[in-house]
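> Here is my input; please provide its structure:
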Amino acid sequence: MQAIELSHKSSLYWRSMLIIPIVILLLSLQSCGAANKNGAATPEKIVDGYLSALEDRNENALRRLMPEESIAAPEIAAKIAKFGGHKIRERQVEYLKSKPTLWNAKLRGSYIDRAGVKYKFDDSIAIEYQSKGQVKLYGGRWYLLL
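Numbering: from 1, shown residues only. Just a heads-up that it's a prediction; the model follows:
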């Protein structure tokens, strides 16, 4: 009787030892998914998303490029007011390395306003790999910081 009781306890012990890591793994995967709702996998996807959001005057799309806790509403509104709502033609994105840990994405092109006047589009986004810039890497995801 005691041998059966011991083997049952031992079986429960090993089951619980297997269940605990599985639960921890599931919880960590779930939290990674929650943290990765915003941002993008690469700096280039941030740049593409930034240009598309400006063209569409889409503040929510800009916010999705930023960390969830970001409170950059005035900066978003200023960018959209300055460049938004126009199809950017002749897009050129040039990545320039200014320091070993800092790149600049120079964004150039042109757009035509509602009156049919052609304007140059000229903007830049700093991409950092350590401490400064507007596009930063956090936990394996890239984020826009305005």
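
> Need the phi and psi values for the most centrally placed residue in the chain.
Nearest to the mean C-alpha position of the chain, counting by Cα atoms, centre = their mean, stands residue 39 at 1.2 Å. Torsion angles at residue 39 (phi, psi; degrees, to the nearest 10) stand at phi 80, psi -160.

> Give the helix, strand or coil label for residue 74.
helix (DSSP: H, G, I helix; E, B strand; the rest coil).

> gap between it and residue 146?
9 Å (Cβ to Cβ, to the nearest Å). Where you see a C-beta, it was placed from the backbone N, CA and C, and this is true even at glycine.

> neighbour-wise, which of these two wins?
Neighbours were counted for residue 74 and for residue 146 using other Cβ atoms under 10 Å; residue 146 has more, 17 against 9.

> With adjacent residues omitted, what lies nearest to that one?
The shortest distance from residue 146 to any non-neighbouring residue, by Cβ to Cβ, 6 or more residues apart in numbering, is to residue 75 (3.7 Å).

> mind checking how far stretch 78-93 is from the chain centre?
Counting by Cα atoms, centre = their mean, to the nearest Å, stretch 78-93 is centred 20 Å from the centre of its parent chain.

> can you confirm residue 53 is in a helix?
Yes: counting by three-state DSSP, residue 53 is part of a helix.

> Can you verify my assumption that it contacts residue 61?
Yes: using Cβ atoms under 8 Å, residue 53 makes contact with residue 61 at a distance of 3.7 Å.
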